[in-house]
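Visitor: Just the structure for this:
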Amino acid sequence: MPFNVWLLTLAQAFAMSATPMMMLLGGLIGADIAPSPEMATLPIAFMVIGLALSVLPVSRLMQRFGRKPVFVGGALLGACSGLVAAFATSQQSFALFCLSAVMLGAAGAVVQQYRFAAMESVDEPLIAKAASRVLLGGLAAAVIGPELAVLGAKLWPQAYVGAFFCLTLVSLIAAVILSFYREREFDRDGSAQQVQDKARPLSEILTQSQLWVAVAGATLGYAMMSFVMTATPLHMHHVEHHSLTDTKWVIQSHIIAMYLPSLFSGVLVARLGVSKMMLLGLLAYLVTIISAIIGRDLLNYWTALVLLGIGWNFLFVAGTSLLPRCYDKSERYKVQSFNDSFVFGAQALASLSAGWVIHQLGWNILLISCLPLIGAQLLLISWWKWSRSKQASSL
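Guide: Residues are numbered from 1 along each chain as shown. Sure thing, here's the model as predicted:
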């Protein structure tokens, strides 16, 4: 793999660790300082909203200035969000804590571009492997983030304040790593490249069935994962009264399960194909729902969240590796921003609604409501296969 792929993998390990830290602590802090119980998961939702709203501006900035300065700037923004979160927690300010979550989400929108930069660094046969290799950095983040959340909470007199100082530290480390990113010529002059290649209009690109399968696969993967994961710490710790240590272990195991399959998921996509990989991801999601419904023991939560992580990886890697087949280099920023707007807009909606659903309707209804999404993705895959067979028969 090229130097950039390894560098982005290392940067992901540090920059992405902020996300599991907020996923673990956001709902717990929200439950303590939010004006009402329904708003407990609002900080997590605001983090995802910040990510979704920043996708298009981040893409435009990269098109104008190249990837490297935006990568470094995003890491510095993450460091600032940690300082704001620490201050907000010390002052028990829910509004300011939500603002820090929005800032962290905006920094996360930059992190999501790592995978696209990695895929552009390799030839087409290695695209899936490059994407999964960068996601592998999230495996380290799954350990670093929650551990720093628990360790940092003990380093400061007020609960959780020290955790966010640790968040600032790992973001600064990521900024230093990204300063060594090797910019390429067409990254620095993306706008000129677009004019030269005469990119197709987005409306024409969107007529491809495989594009919708790619977008929907990643969208479903993120939306369902975020919906269930956002609600899990709240339900485990505040409703079922599992300890914070057990809750941390379940979330940590889930995030490890999200990224550990990246050791082999790129190879599986190359061997099995995108559609079969997505079907395996949907199967993992289905078993997640069953496991979480049949019991409230620690093992049920652990099994469900591990399978949820595996399902996310299969769907996200498959969808991400399919996406470059739908556009030329001159169209990459346009299609990538469209894809991520869909993905993280859905994730924002899922995170925003998770607290309300679990408080008003309960854990089981939250899980059952995911079934129509699985069915919708199955229909899209069937449509894509039918379109391909129809196109082949007409040749």
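
Visitor: name the element the residue nearest to residue 344 when sequence neighbours are not counted belongs to?
Guide: Of all residues not flanking residue 344 in the chain, residue 52 sits nearest, at 4.0 Å (Cβ to Cβ, 6 or more residues apart in numbering). For every residue, glycine as well, the C-beta is placed using N, CA and C. Using DSSP states H and E, the element containing residue 52 is helix 42-65.

Visitor: Output the contacting helices and strands for that helix.
Guide: Other helices and strands packing on helix 42-65, by 3 or more Cβ pairs under 8 Å, 6 or more residues apart in numbering; DSSP states H and E, are helix 18-33, helix 67-91, helix 94-111, helix 190-197, helix 209-233, helix 332-360.

Visitor: Repeat the analysis, applying 7 Å as the threshold.
Guide: In this structure, helix 42-65 packs against helix 18-33, helix 67-91, helix 94-111, helix 190-197, helix 332-360, with contacts taken as 3 or more Cβ pairs under 7 Å, 6 or more residues apart in numbering; DSSP states H and E.

Visitor: Which of those comes out lowest on mean pLDDT?
Guide: The minimum mean pLDDT among the helices and strands packed on helix 42-65 belongs to helix 190-197 (a mean of 47).

Visitor: Quick check: buried residues in the helix or strand following that helix?
Guide: Sequence-wise, the next helix or strand downstream of helix 190-197 (DSSP H and E) is helix 202-205. Residues residue 205 are the ones in helix 202-205 that count as buried (16 or more other Cβ atoms under 10 Å).

Visitor: Contacts for helix 202-205 next, please.
Guide: Residues outside helix 202-205 that contact it (Cβ atoms under 7 Å, 6 or more residues apart in numbering) are 211, 326-327, 331, 334-335, 338.

Visitor: could you list every residue that touches residue 345?
Guide: residue 52.

Visitor: And for residue 217, nearest residue in space, chain neighbours not counted?
Guide: residue 319 (3.3 Å).

Visitor: which residue sits closest to residue 228, ignoring its sequence neighbours?
Guide: residue 308 (5.7 Å).

Visitor: Adding distance to residue 283, write the helices and strands packed on helix 42-65 out as CSV.
Guide: Shown next, in CSV, are the helices and strands packed on helix 42-65 (distance: least, Cβ to Cβ, whole Å):
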stretch, distance to residue 283
helix 18-33, 24
helix 67-91, 35
helix 94-111, 28
helix 190-197, 39
helix 332-360, 20
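
Visitor: between those helices, which one is nearest to residue 172?
Guide: Nearest to residue 172, of all the helices and strands packed on helix 42-65, is helix 67-91, at 5.0 Å by Cβ to Cβ.

Visitor: Model confidence score at residue 372, please.
Guide: 92.

Visitor: Ok, residue 189 next?
Guide: 49.

Visitor: Residue 232: neighbouring residues, count only.
Guide: 25 (other Cβ atoms under 10 Å).

Visitor: wait, it sits on residue 305?
Guide: Yes: Residue 232 is within contact range of residue 305, at 6.2 Å (criterion: Cβ atoms under 7 Å).

Visitor: of the helices and strands packed on helix 42-65, which approaches residue 6 most closely?
Guide: Here helix 67-91 is closest among those (Cβ to Cβ), at 14.6 Å.

Visitor: Which elements pack onto that closest one?
Guide: helix 42-65, helix 94-111, helix 161-178.

Visitor: For these, give me JSON lines that also has mean neighbour count and distance to residue 255.
Guide: Below are the helices and strands packed on helix 67-91 laid out as JSON lines (neighbours: other Cβ atoms under 10 Å; distance: least, Cβ to Cβ, whole Å):
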{"stretch": "helix 42-65", "mean neighbour count": "23", "distance to residue 255": "14"}
{"stretch": "helix 94-111", "mean neighbour count": "24", "distance to residue 255": "14"}
{"stretch": "helix 161-178", "mean neighbour count": "22", "distance to residue 255": "15"}
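
Visitor: Rounded mean pLDDT for the helix holding residue 52, please.
Guide: Mean predicted confidence for helix 42-65 is 86.
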